[in-house]
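1. My questions concern the predicted model and sequence given below.
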Amino acid sequence: MDLSQLRYFRAVAKEGSFSAAARSLKVSQPTLTVAVKNLEERLGTTLFHRSREGVKLTRTGEELLEHAEQVFEILDRAEERILGLESDEVGRFVIGCHESLGAYFLPAFMRRFLETAPRIEVSLWNGTSADVTQGVLDRSVDFGLVVNPRPHPDLVLVPLFHDAVDVVVATASLPGGHPLWLRPVTSSTNGPASTPYPGREAAHARLREGPLIFAGRVGQAQELLNRLAAEGLLPTRRLSCGDLELVKSLALEGVGVALLPRRVAAYGPKGRLVRLHPDLPFIPDIISLVYRADLHRTRASLRLKDTLVAHGRELDAAERPAETGLATGGETMYR
């Protein structure tokens, strides 16, 4: 059914004559008459009783008018909603990220964002960085937090903060409850320690002792294993897990030395996991915000994007874990 015909019909019904309706709509009366006639022919009915005094709705005309009013009411609400989405902070969005990233990045972000933007609805989707990237491409995810994303012509990549996969250990499992490389330099009967960092050889020995715990499906962990093997530091006892949180739990329990993103190791029980030694190899990473280049830039989508960027940049400004010790929030490559 043609909406213009329905609109003309409603105007005639309200004005009580074709001429009055034509004037209110600013169209010619013949145009109006033809439109209503075509509508009657389509529906196979007579919509108006016509007389010299004007027109009056038939029974079928009354029924059609009732439904026409509902149609135009829905259209009015839709128009109001669309205008609101374009100009107001209203909308629904999906943020995608790895579970371990979300565990430390999202709590503070979500608390502040939901308080300051109560009319923007956000849902969360979890998966690997590769899955999140594909979700953004498929439009099932609006904004993705991705580690080391690869350039794509359909995507915008905004670097947010840094992290690194490193060798970490629970402080409770170390002598005196302190990280080996922070122990003070001491002298022995053979003279002062000659290593550039105190405890370096002890750290190497602890690593070789194992077991070494890591997430087998994490690409960065595999790369770090290769580097440790090249330096002769890979223990024979190794424990492969499928999840970073399980790796972290085992490390906290003192089961062994673990390969973890520094920011993953740092959130939660603060200070309980530390870098085993700064001379050991590590793999630096960059976490980026990823979204489609053709993102519909409504006021709400821009507000969410800008807030995500600001939160990520705050993490980076607070600490650069690829250059310092363990951080207080961030992630690494989960692909």
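-> Arrived safely.
2. Name the spans of the stretch 151-300 of the chain whose pLDDT lies under the cut-off.
-> Residues of the stretch 151-300 of the chain that meet the criterion pLDDT under 70 lie in 173-198.
3. hey, where'd the strands end up in the stretch 51-200 of the chain?
-> Assigned by DSSP state E, counting those that start in this stretch, the strands in the stretch 51-200 of the chain fall at 54-57, 91-97, 120-126, 143-147, 155-170, 187-188, 191-192.
4. And the next helix or strand past the last one?
-> To tie it back to what came earlier, the one meant is strand 191-192. helix 200-209 (DSSP states H and E).
5. now residue 46, what's its secondary structure?
-> coil (DSSP: H, G, I helix; E, B strand; the rest coil).
6. my bad, residue 32
-> Going by three-state DSSP: residue 32 is helix.
7. ok, now which ones touch the residue with the largest distance to the centre of the chain?
-> Largest separation from the mean C-alpha position in the chain: residue 52, at 66.1 Å (CA atoms, centre = their mean). By CB atoms under 8 Å, 6 or more residues apart in numbering, the contact set of residue 52 is empty. C-beta here means a position set from N, CA and C on the backbone, and glycine is covered the same way.
8. sorry, back to before: for residue 248, find the nearest of the strands of the stretch 51-200 of the chain.
-> strand 155-170 (8.8 Å; CB to CB).
9. Restricting the selection to alpha carbons, write that closest one to CSV.
-> Taking Å, rounded to 0.1, in the frame of the first residue of the first chain, the C-alpha atoms of strand 155-170 are listed here in CSV:
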residue,chain,number,x,y,z
LEU,A,155,39.0,-1.0,9.9
VAL,A,156,40.3,1.9,12.0
LEU,A,157,43.0,1.0,14.5
VAL,A,158,43.6,3.4,17.4
PRO,A,159,46.6,2.4,19.7
LEU,A,160,45.6,2.7,23.3
PHE,A,161,48.2,1.2,25.7
HIS,A,162,51.2,-1.1,25.9
ASP,A,163,51.8,-4.4,27.6
ALA,A,164,54.2,-7.4,27.4
VAL,A,165,54.2,-11.1,28.0
ASP,A,166,56.8,-11.8,30.7
VAL,A,167,58.1,-14.5,33.0
VAL,A,168,56.4,-14.0,36.4
VAL,A,169,56.4,-15.7,39.7
ALA,A,170,54.5,-15.5,43.0
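10. rewinding a little: mind checking pLDDT for the residue farthest from the centre of the chain?
-> Predicted confidence (pLDDT) at residue 52: the value is 82.
11. where do the helices sit along this structure?
-> 3-15, 18-25, 29-43, 59-87, 99-116, 129-138, 200-209, 219-230, 244-252, 262-266, 299-318 (DSSP state H).
12. so which of the ones you listed is the most packed in?
-> Counting by mean count of other CB atoms under 10 Å, helix 262-266 has the highest mean neighbour count of the helices of the chain, with a mean of 28.
13. got the CA coordinates for that helix in PDB?
-> What follows is helix 262-266 as a C-alpha-only set of coordinates in PDB (Å, rounded to 0.1, in the frame of the first residue of the first chain):
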ATOM      1  CA  ARG A 262      52.100  -8.100  32.900                       C
ATOM      2  CA  ARG A 263      48.800  -6.400  33.200                       C
ATOM      3  CA  VAL A 264      47.000  -9.700  33.600                       C
ATOM      4  CA  ALA A 265      49.500 -10.700  36.300                       C
ATOM      5  CA  ALA A 266      49.100  -7.300  38.100                       C
END
